[in-house]
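[1] no sequence on this one, just coordinates:
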């Protein structure tokens, strides 16, 4: 079964979603952000998680889209908080409309995300809603830690990894657990798929950190070096700060957190220290650790290898992506 | 059964609620706004709605508190949008912390509100969650209309009444419907209680509009005349604009929407026109219409009069309040 089989289902499902009509200032921004596109990884994981156990994906589609609507809600509100001007190359909602519209449209999106779960059969519904809500709160916790770290002088690597786990990974884990449960998986199998998703999520975010510094400007969607320019405390920077000798530490201190006239010079100077300290291979080792952990959990899921194959393929794609 | 019997249950329940611990920047604002107090009218309506049909209020408490958490979530986000400095005499969350903290804490509150419903027995859960979500979206729609009206030149009285129905009244209606359903009411009785609540909500908001202009500064919690100073398109102003003669219309136009140095002079001038046009008795007639409609729906609820008595009493209190 090709991944496009599942993607096509999602695309068709997304075009069918109705968020509301009036007032237009409330509902147009929802359609706008949902139509900006994206890889739709999370709902794809939900469909693939269910596919491991069943061919009947009809009852899985709406909850899968609920995860996507929720994800886009977090993007919408995060963009306000981060004062981001662009999302996927287009003006963010708070830029195109205003912050109030972005707050309120986001609120309705969270409500609409919940609504997409309510057709789940009643015996599964409470457990799934509890897990979804727990995950949603964790994603908010991750965003708050991320904001806290901007002004904290010392952030440990463990704290950073816990932040990206909450902000990014748990939702991928939940997307898979959701699919598994809807597909009829045992609690144990659902948990292995959840951990597979969480590990993939951690690897995915670390790969993002890496691409930001070492990506190809032509294929990477964002400006290369953006994290360095904005002093973002990524795994790369925190590791470099922990391992730097006195001279390297002094150089980092001259650039990080300082107003710098030449952004390109800053990126080059910091990247040079990363190179000296082998930060890239160290990050790749950690990414591969998480990826192997993920595959280990996938292997332990009690479903035929052929039914799990699309998941393995998607995981591989996410690891090899250049954007 | 005295109203304080139900209020005491709510107070005890609220102190037991746990929203989360870390990061504190996320969870402290939730405890802060929940501890600011308020009349707790909505969860009280839920308890009273259930009490009309059952003595077993134990399973009703958490969903009732869910309505209160949701209500406080809307206050938190509305205060950002309205740039309100104070809430119940204390600094608003976005003032005490910042707007980002207020956005994200509010998001988690909405999630926590949903969570308080998940113990509802599975056969009722989907219907109640659908109704709650519909109501939540309507409240957001009401807030968006309210914001739209600030910059619109012509707002009809019908549009205004529909806005306050969405922004305020439907949640009171839902609070009662929720209690009724949890108490075992028929769909018909639950709907009569919902309409009772919606009517009370409309009357309540119109009473608020009236108190803003004619309230006693000593007992009214807010500054008397605040709506006039801020050019708020209330029922009073819209009715006055619709009924004004040329001279009165010219006077209104000189004050409303204009920068005015003397706020007190503006309040007195607009109030004088309200007096000339008998806006106060006209508003009181409409309030009484809604109140009589509410009582009419309450009468039709198939429960003993004695069990409905606390609801009638609460409705009366809300109509007679001076703050």
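    Happy to help now that I have it. Bear in mind that the values here come from a model prediction, so they are computed numbers and not experimental data. Numbers count the residues shown, from 1 in each chain, chains lettered A, B, ... in the order given.
[2] element containing the residue lying closest to residue A:178 once chain neighbours are set aside?
    Of all residues not flanking residue A:178 in the chain, residue A:46 sits nearest, at 5.2 Å (C-beta to C-beta, 6 or more residues apart in numbering or on different chains). The C-beta positions use only the backbone N, C-alpha and C, and glycine is treated the same way. In this structure, residue A:46 sits in helix A:41-51 according to DSSP states H and E.
[3] Could you do residue A:270 as well?
    helix A:263-276.
[4] which residues in the stretch 51-200 of chain A form helices?
    Here the stretch 51-200 of chain A has its helices, by DSSP state H, counting those that start in this stretch, at A:58-81, A:93-96, A:99-115, A:125-151, A:157-164, A:170-182, A:187-214.
[5] does residue A:92 really touch residue A:85, like I thought?
    Yes: with contact defined as C-beta atoms under 8 Å, residue A:92 counts as touching residue A:85 (6.3 Å).
[6] Looking at these two now, which is surrounded by more residues?
    Under the criterion of other C-beta atoms under 10 Å in any protein chain shown, the comparison of residue A:92 against residue A:85 puts residue A:92 first, with 24 against 11.
[7] For that one, give me phi and psi.
    Dihedral pair for residue A:92: phi -70, psi 160, per degrees, to the nearest 10.
[8] Let me see the contact set for it.
    Contacts for residue A:92 (C-beta atoms under 8 Å, 6 or more residues apart in numbering or on different chains) come out as A:76, A:79, A:80, A:84, A:85, A:86, A:102.
[9] Now the residue nearest the centre of chain A. Nearest residue, chain neighbours left out?
    In chain A, the residue lying closest to the centroid (C-alpha atoms, centre = their mean) is residue A:168, at 4.1 Å. Excluding the flanking residues, the one nearest residue A:168 by C-beta to C-beta, 6+ apart is residue A:205, at 4.7 Å.
[10] show me the contacts for that neighbour.
    The contact partners of residue A:205, taken as C-beta under 8 Å, 6+ apart, are A:164, A:167, A:168, A:169.
[11] Now the second one. Nearest residue, chain neighbours left out?
    Looking back up the chat, that one is residue A:167. In space, residue A:167 is closest to residue A:142, 2.8 Å off (C-beta to C-beta, 6+ apart).
[12] Please name the residues that touch the one you found.
    Residue A:142 touches A:163, A:164, A:165, A:166, A:167, A:168, A:170, counting by C-beta under 8 Å, 6+ apart.
[13] so which of those residues is the most crowded?
    Counting neighbours by other C-beta under 10 Å, the top entry in the contacts of residue A:142 is residue A:170, with 26 neighbours.
[14] before we move on, the earlier item: could you turn the buried ones of the contacts of residue A:92 into a PyMOL selection?
    Selection of the buried residues among the contacts of residue A:92 in PyMOL, burial being defined by 16 or more other C-beta atoms under 10 Å in any protein chain shown:
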select buried, chain A and resi 76+79+80+102
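[15] For the stretch 101-250 of chain A, which residues are neighbours of chain B?
    A:101, A:103-104, A:106-108, A:110-112, A:114-115, A:118-119, A:122-123, A:125-126, A:129-130, A:133, A:136-137, A:140-141, A:143-145, A:147-148 (C-beta under 8 Å from any C-beta of the partner chain).
[16] What separation is there between residue A:313 and chain B?
    As for residue A:313, its distance to chain B is 33 Å (criterion: C-beta to the nearest C-beta, to the nearest Å).
[17] An error on my part: the question was meant for residue A:225.
    Computed as C-beta to the nearest C-beta, the residue A:225 to chain B distance reads 25 Å.
[18] Let me know the pLDDT of that residue.
    Residue A:225 carries a pLDDT value of 89.
[19] Tell me how many other residues surround the residue nearest to it when sequence neighbours are not counted.
    Distances taken as C-beta to C-beta, 6+ apart place residue A:267 nearest to residue A:225, at 3.5 Å, with adjacent residues excluded. Residue A:267: 20 surrounding residues under other C-beta under 10 Å.
[20] got it, and the one 3 residues further on?
    Other residues near residue A:270 number 24, with proximity taken as other C-beta under 10 Å.
[21] same thing with residue A:259?
    4.
[22] Then residue A:59?
    Neighbourhood size, residue A:59 [other C-beta under 10 Å]: 15.
[23] Also residue A:183?
    For residue A:183, the number of neighbouring residues by other C-beta under 10 Å comes to 26.
[24] Might you list the low-confidence residue ranges for chain A?
    Scanning chain A for pLDDT under 70 picks out the ranges A:1, A:219-222, A:322-323.
[25] if we go to 80?
    Counting by pLDDT under 80, chain A contains low-confidence ranges at A:1, A:217-223, A:259-260, A:321-323.
[26] which residues touch the closest residue to residue A:269 other than its chain neighbours?
    Using C-beta to C-beta, 6+ apart and skipping the chain neighbours, the partner closest in space to residue A:269 is residue A:255 (5.6 Å). Residue A:255 sits next to A:266, A:269, A:270 when contact means C-beta under 8 Å, 6+ apart.
[27] what do you get for residue A:77?
    Residues near residue A:77 by C-beta under 8 Å, 6+ apart: A:102, A:103, A:106, B:103, B:104, B:107.
[28] can you rerun that using 6 Å?
    Listed by C-beta atoms under 6 Å, 6 or more residues apart in numbering or on different chains, the contact partners of residue A:77 are A:106, B:103.
[29] And residue A:155, by the same measure?
    Contact analysis of residue A:155 by C-beta under 6 Å, 6+ apart lists A:149, A:233.
[30] can you tell me how far it sits from residue A:231?
    12 Å (C-beta to C-beta, to the nearest Å).
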